[in-house]
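In: predicted model, plus sequence, below.
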Amino acid sequence: PNILGKATALCSTLRMVFLAHKAANAFADADVFVLDVLPTPIPLLIHWWNAAGVLFYCHFPDKLLTRDTVNGEPTDATNQRFFLFTWYRQVLDYLEESTMGFSDVLVVNSKFTQSNVVNAFKSLASKPIRVLYPALDTSNFDENHKLTSSSGTPIVSLNRFERKKNIELLLQAYAELQDNLSSSNTQQLPPPLVIAGGYDPENVENVEYMGELRQLAKELKLEECIKFCPSISDEERSTLFETALCIVYTPHLEHFGIVPLEAMYAGRPVVAVKSGGPMETVVHGKTGFLCEPTPRAFGQALYELTTNPKRAQEMGKTGHNHVEEKFGVPAFQKQWGILVEETVQEGRKRLEREPPYLLSDGFYYLFEAMAVLLGTILLTWFLQKLGILEPNTTIWGTVKRALIMPRDEL
């Protein structure tokens, strides 16, 4: 949801409050409410809607997911924010931090996300934050996959066509692999390269980035070796996992990353950037390689797997067992049961300490008024940016003048 393509975070906040209110009314006797995405409704749930226990599952702080940052890291655009946007984000960031702390149990999807939550929200430094890794849905995988060592086995990238996925690193590393093979005595040709993933022709960044990658492939003289496969089906995705020599995962500071888990479960070694979530899922030297984000480092890892397919096969088997043991559904269910029980107990303790407030109808009217006010402020700004309103005029002022303006001036 958004307003003319803007204010997505604000609209998401209002939607979360609305959904939480509906859930609280529909399931008034629930022992636990589980929220993710945004924590804004939590104080309402525990203080006024009498929720017994609230667990918040944080995938990554929304504060670090704005369009002018890349996986939490500032960009040049961060310092060029319009002052109204800066104020707007400060309000939303304050709401996110202050309401997240109200949860009875706070859970994140990785240790990397845990450190980012603590760094972004200093007030949560003393609050216990549990780590629960997402479980891998293995229903689309055949457990009997076996890694082949044929020359047709491709090196595969599976990512959305977005710049933050850093796919150009793989193209540069593949060129490095070609040079390493040509200078060795093996006389071995490199495996074909497949760049696949989500692609929306209506998305400007997807279209631009695809063009940039094709141009880079042309400059590196990889056109005959590379195949781009945008918007692949589930069946095509499964086939790539079945036939790949390895899966290369190039995003930097990825929050968790499900692709490395899928690759390892399918029996494929993973070559990933040594940062973020993959550092918790890929075991360097055993289930794949964790590399510095340079063409040389990635090229060396690809050379090792290309010239030593037996090691690639051994890594694949180790990776499958690793994922099944640590990231399978049984492990998730066990940890999830413990967290839910903890949430129930913490919720009961809170209700004994702090009886819920009584919420009058006036609160709902106040909330609706605030929503209208915020929407009007944003709409005023958008109309000013579009040139429909003068810079120093507002919707309120325009309406007021229209109502009191003498008839002969109309």
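Out: Received it, and whenever you're ready, just let me know what you need.
In: show me which positions of stretch 300-315 end up buried.
Out: In terms of neighbour count (16 or more other C-beta atoms under 10 Å), stretch 300-315 has its buried residues at 300-306, 309, 312-313, 315. In this view, the C-beta of every residue, glycine as well, is placed from N, C-alpha and C.
In: cool, stretch 107-122 as well?
Out: 107-110, 112-114, 116-118, 120-121.
In: now, these that are in strands?
Out: Members of the buried residues of stretch 107-122 lying in strands (criterion: DSSP state E): 107-108.
In: of the buried residues of stretch 107-122, closest to residue 276?
Out: Of all the buried residues of stretch 107-122, the one with the least separation from residue 276 (C-beta to C-beta) is residue 112, at 5.1 Å.
In: that closest one reaches residue 274, doesn't it?
Out: No. Counting by C-beta atoms under 8 Å, residue 112 sits too far from residue 274 to count as a contact (11.9 Å).
In: who touches stretch 173-190?
Out: Stretch 173-190 is contacted from outside by 151, 155, 193, 220-222, 225-226, 248, 295-300, 302-303, 306-307, using C-beta atoms under 8 Å, 6 or more residues apart in numbering.
In: now that stretch: mean pLDDT?
Out: Mean per-residue pLDDT for stretch 173-190: 90.
In: mind giving me the packing neighbours of the helix or strand harbouring residue 196?
Out: According to DSSP states H and E, residue 196 maps onto strand 193-197. Contact analysis of strand 193-197 by 3 or more C-beta pairs under 8 Å, 6 or more residues apart in numbering; DSSP states H and E lists strand 155-158, helix 168-183, strand 226-230, helix 234-243 as its packing neighbours.
In: what is the orientation angle of that strand with strand 226-230?
Out: 10 degrees (axes from the mean of the first three to the mean of the last three C-alpha atoms, to 10 degrees).
In: count the neighbours of residue 185 for me.
Out: Look at residue 185: counted by other C-beta atoms under 10 Å, it has 5 neighbours.
In: likewise for residue 298?
Out: Residue 298: 25 neighbours (other C-beta under 10 Å).
In: find the nearest non-adjacent residue to it, please.
Out: residue 173 (3.4 Å; C-beta to C-beta, 6 or more residues apart in numbering).
In: so which residue is dead centre in the protein?
Out: residue 255 (6.2 Å; C-alpha atoms, centre = their mean).
In: how near is that one to residue 137?
Out: Here residue 255 is placed at a distance of 18 Å from residue 137 (C-beta to C-beta, to the nearest Å).
In: so what's residue 100 closest to, chain neighbours aside?
Out: Residue 100 sits nearest to residue 39 (C-beta to C-beta, 6+ apart), 4.2 Å away.
In: mind listing what residue 302 touches?
Out: Residue 302 touches 155, 173-174, 176-177, 190, 246, 248, 271, counting by C-beta under 8 Å, 6+ apart.
In: out of those, who's nearest residue 199?
Out: The closest of the contacts of residue 302, once distances to residue 199 are taken by C-beta to C-beta, is residue 248, at 17.8 Å.
In: specify the local secondary structure of the closest one.
Out: strand (DSSP: H, G, I helix; E, B strand; the rest coil).
In: just checking, it touches residue 159?
Out: No. Contact criterion C-beta under 8 Å: residue 248 and residue 159 do not qualify, at 9.3 Å.
In: more neighbours: which of the two?
Out: residue 248 (33 against 21).
In: for the more buried one, give its distance to residue 103.
Out: For residue 248, the distance to residue 103 - C-beta to C-beta - is 37 Å.
In: ok, residue 246 next?
Out: 40 Å.
In: how about residue 253?
Out: 25 Å.
In: what sits against residue 328?
Out: 135-136, 138.
In: switch the cut-off to 7 Å
Out: 135-136 (C-beta atoms under 7 Å, 6 or more residues apart in numbering).
In: same deal with residue 191?
Out: Residue 191 touches 151, 153-155, 245, 306, counting by C-beta under 7 Å, 6+ apart.
In: phi, psi for it please.
Out: phi -60, psi 160 (degrees, to the nearest 10).
In: ok, it to residue 312 distance?
Out: On the measure of C-beta to C-beta, residue 191 and residue 312 end up 11 Å apart.
In: does residue 38 belong to a helix or a strand, and which?
Out: Going by DSSP H and E, residue 38 is not in any helix or strand.
In: with adjacent residues omitted, what lies nearest to it?
Out: For residue 38, the spatially nearest residue (C-beta to C-beta, 6+ apart) is residue 16, at 4.8 Å.
In: that neighbour: neighbour count?
Out: Should you count by other C-beta under 10 Å, residue 16 turns out to have 19 residues around it.
In: what does residue 390 give?
Out: Count around residue 390 with other C-beta under 10 Å applied: 11.
In: ok, residue 27 next?
Out: 12.
In: ok, now which ones touch residue 386?
Out: Taking C-beta under 7 Å, 6+ apart, one finds nothing in contact with residue 386.
In: follow-up on the earlier one: so what sits against both of residue 191 and residue 312?
Out: In contact with both residue 191 and residue 312: residue 245, using C-beta under 7 Å, 6+ apart.
In: show me what contacts residue 36?
Out: Applying C-beta under 7 Å, 6+ apart, the residues contacting residue 36 are 57, 59.
In: how close does the closest residue to residue 58 other than its chain neighbours sit to residue 323?
Out: Excluding the flanking residues, the one nearest residue 58 by C-beta to C-beta, 6+ apart is residue 108, at 4.8 Å. Per C-beta to C-beta, residue 108 is found 20 Å from residue 323.
In: and if you look at residue 209?
Out: Applying C-beta to C-beta to residue 209 and residue 323 gives a distance of 29 Å.
In: turn the buried residues of stretch 300-315 into CSV, including secondary structure and pLDDT.
Out: Formatted as CSV, the buried residues of stretch 300-315 follow (DSSP: H, G, I helix; E, B strand; the rest coil; pLDDT from 0 to 100):
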residue, secondary structure, pLDDT
300, helix, 97
301, helix, 98
302, helix, 97
303, helix, 96
304, helix, 96
305, helix, 96
306, helix, 95
309, helix, 92
312, helix, 95
313, helix, 94
315, helix, 97
